[in-house]
Every structure is written in structure tokens, then in C-alpha cells.
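**Student:** 3D, please:
(chains A and B)
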Amino acid sequence: MNNEQLQIFLDSHGADPAHWPEAHRAAAERLIASDAQARAIFVQAQRLDALLTQAHDAGAEDAAAAARVLSRLTALPPQKRPFWHWPLVLLDWQFAPAWPRVAALAGCAAIGFMVGIAGLDRKFERYDSLQNVTAGSDIFAIFEPEVLTGARP
Amino acid sequence: MDDSDEALMARVARGDQPAFRVLARRHAPAIVRLARRILGNAADAEDVAQEAMLRVWTHAPRWQPLAAFKTWLTRVVVNLCLDRKRRAPWVELEAAGEITDSAPVASELAESDERERLLQRAIAELPDRQRTAIVLTYSEGMSNAQVADILDTSVSAVETLLVRGKQNLRRALGGIIDEGD
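**Tutor:** Purely as a prediction, here's the structure:
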């Protein structure tokens, strides 16, 4: 490592040896210990780092500005939901029984039971049976032999 | 109750406004400071910080904890700052004169120390990405790898930004560096 490379190394990784990559640390330390110009480059890098760190210290103005920002966040806009959110909402049904559903089921069962007991459905049964009665000639036609084979059922 | 950033974000994703306000109180000072360092302007920094916090709220349901919340938030702030700098009209440095700050407290502090003022001006005159790399390194204490992650670039590109940024600072500051300590 020469002085030019040391300058680039210090600019890339800072002047704190704790942050230097292991692979180049020994070479950098050797050069700084042995060369006066390298030592001057190192000292200047330390000073620049110190200036930059001081320049970026938090100030009281940041706290005041943060308070102003927070005071402006009173009314929040609607959140942006992912596109798969709506299918999930549709699938989020409640299958557990709840009292209105149970009451409706019990009511239907009670009405069915009363209709059955009172015989309100028998008139319809008679009507259906009348529709199904066939003529006497039709019944004989059923037992006639087949035309081709002569077989009887 | 778990009050880590990630746990609070999970609550914010469900529309929990008190959780959002806890998160905002926790991070607002840092993001205002970061935005002010990158933009060099307190009023713009407040706008960016407000926009960043609103993005936290609106994008919370889509947020995936792939990276630490602070890293994600820093990336949002940096991108908002760089976008704002890109949109800002370009002004000749000589015509622009001194770096001004609309916040009275900030301007008083900047004028209180000549060396500090010159340093701030030198930092403000750096190209945007060089300044951002230096701010993230020295203001946020990030490693080169973290800065690369925030700027969505490679570590070697960050090292190049730091080298060029410091070369520019040395040229602009001249003997001020050697006066220091």
C-alpha cells in the first residue's frame, strides 16, 4: 500500500481502525507507523471525520421540527390495502352458529312438524295420486307380448 | 406488550392509529434530521418527514418485514429527498449565495460558527448522492454495506461516492480541516 492508496482506503472506510477491513488493516497500520506523510494523511482523515461527525450532531431545532411534523399528522388518509385483501374479506365468513340462525332453523322445524301433524299436506297427496292413475287399457297393454319376439314380460 | 417497531407496524397495518402515533413520535426527530442533512433546508425537511410518516401509515398493510423497519424508513426518506432534489430548479451556486435555512433556530446556529457554516456549505454543495452517502455514514453511523442497501447500489459504488465526496470536501475546506480538533 502506498500513500495514494492509503488516502483512498481512509476515504472509503473512515479513519477509525475499528471499521477497517481485516484484509488491509495491517498494511495500513504498517504504512502509517513507518511513513511521516502517511501519518499526516491519517491525521487529516481523523480531523475530517471529526468535523463531519460534529456537523451531524442532532440539534434542538430537529426536536422542534419533529413536533411540528407530528402536529400535522392529525388527519390520516385511508390506508392502501393489498389486492389480495378483498378476497380475504369475502372469505372471512362466520360459520359458527349464532342465535338468530339457530332460532330461524328451530322455527322452520316447528312449522314443518305442525304441517305434518295437522295433515295439511294430504290434499296435495290425493291430487298427486289422481294424476298418476292410468287407464285400464294401458294396464293390459303392459302385459301384451312383444311384436317381434312374442315374449311376454 | 411488544412495542418493537415491527410489532407496532403489524398493529398499524390493521389500522391502529395509536400505534402509528407511537411509531411517529419515536422516529420523527431522526427522519427530520436526516432529511435536513440531505436537503440542507429545514422547511423541505419537515415536508419530507411528514410525507414519509404518511407513507408509513398508508403502506403499512402492504409492508413486509423483509428488512428492519428503520432501514425501510430511511430508504423512504432518502428516496423522497433525492426526488425532491431532482425536481428542484437548478441554481448556479454563485447566484444562490449562502445556504439559507427557513427555520430561524437553524439559521442562528449556522451563523454562530464560521467553521461550521463553511462546513455546512461544503456539504450542501456536494452532488446529491455523494452528500447522501456522507450523511448516512456520519449522521446515521451506517456501514458502507448499509448505505449501499439504502441507496440500492453496490458497496464499491458507495466507497467511490465517499472517496469523491471527501476529495470535494478537502478541496472546499482547505486549511479548515487542519485547524480542527
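**Student:** next one: B:E6 from B:A68, what distance?
**Tutor:** When distance is defined by CB to CB, to the nearest Å, B:E6 is 8 Å away from B:A68. In short, each C-beta sits where N, CA and C put it, glycine included.
**Student:** also B:A24?
**Tutor:** 17 Å.
**Student:** more neighbours: the two, which one.
**Tutor:** Set B:A24 next to B:A68 and count neighbours by other CB atoms under 10 Å in any protein chain shown: B:A24 wins out with 23 against 13.
**Student:** could you list every residue that touches the more buried one?
**Tutor:** Going by CB atoms under 8 Å, 6 or more residues apart in numbering or on different chains, B:A24 touches A:V69, A:L70, A:L73, B:M53, B:V56.
**Student:** helices of chain B, start to end?
**Tutor:** B:5-13, B:17-39, B:42-59, B:69-87, B:93-96, B:104-112, B:114-124, B:128-138, B:144-151, B:155-173, B:176-179 (DSSP state H).
**Student:** weakest of these in terms of mean pLDDT?
**Tutor:** Among the helices of chain B, helix B:93-96 has the lowest mean pLDDT, at a mean of 46.
**Student:** pull the number of nearby residues for B:P29.
**Tutor:** So B:P29, with other CB under 10 Å, has 19 neighbours.
**Student:** again, but for A:A63
**Tutor:** Neighbours of A:A63 (other CB under 10 Å): 14.
**Student:** my read: it touches B:R33, true?
**Tutor:** No - contact criterion CB atoms under 8 Å: A:A63 and B:R33 do not qualify, at 9.3 Å.
**Student:** grab the nearest non-local neighbour of the residue nearest the centre of chain B.
**Tutor:** Central residue of chain B (CA atoms, centre = their mean): B:L34, 2.9 Å from the mean position. Nearest non-adjacent residue to B:L34, counting by CB to CB, 6 or more residues apart in numbering or on different chains: B:V77, 5.5 Å away.
**Student:** now B:T132
**Tutor:** Nearest to B:T132 is B:I38, by CB to CB, 6+ apart, at 5.4 Å.
**Student:** pretty sure that neighbour contacts B:R131?
**Tutor:** Yes - with contact defined as CB under 8 Å, B:I38 reaches B:R131; the gap is 6.3 Å.
**Student:** can you report how many residues lie near the residue nearest to B:L34?
**Tutor:** 25.
**Student:** how much space between it and B:T132?
**Tutor:** Taken as CB to CB, the span from B:V77 to B:T132 is 10 Å.
**Student:** what of A:L52?
**Tutor:** 13 Å.
**Student:** neighbour count for these two, which is higher?
**Tutor:** More crowded of A:L52 and B:T132, by other CB under 10 Å: B:T132, with 24 against 20.
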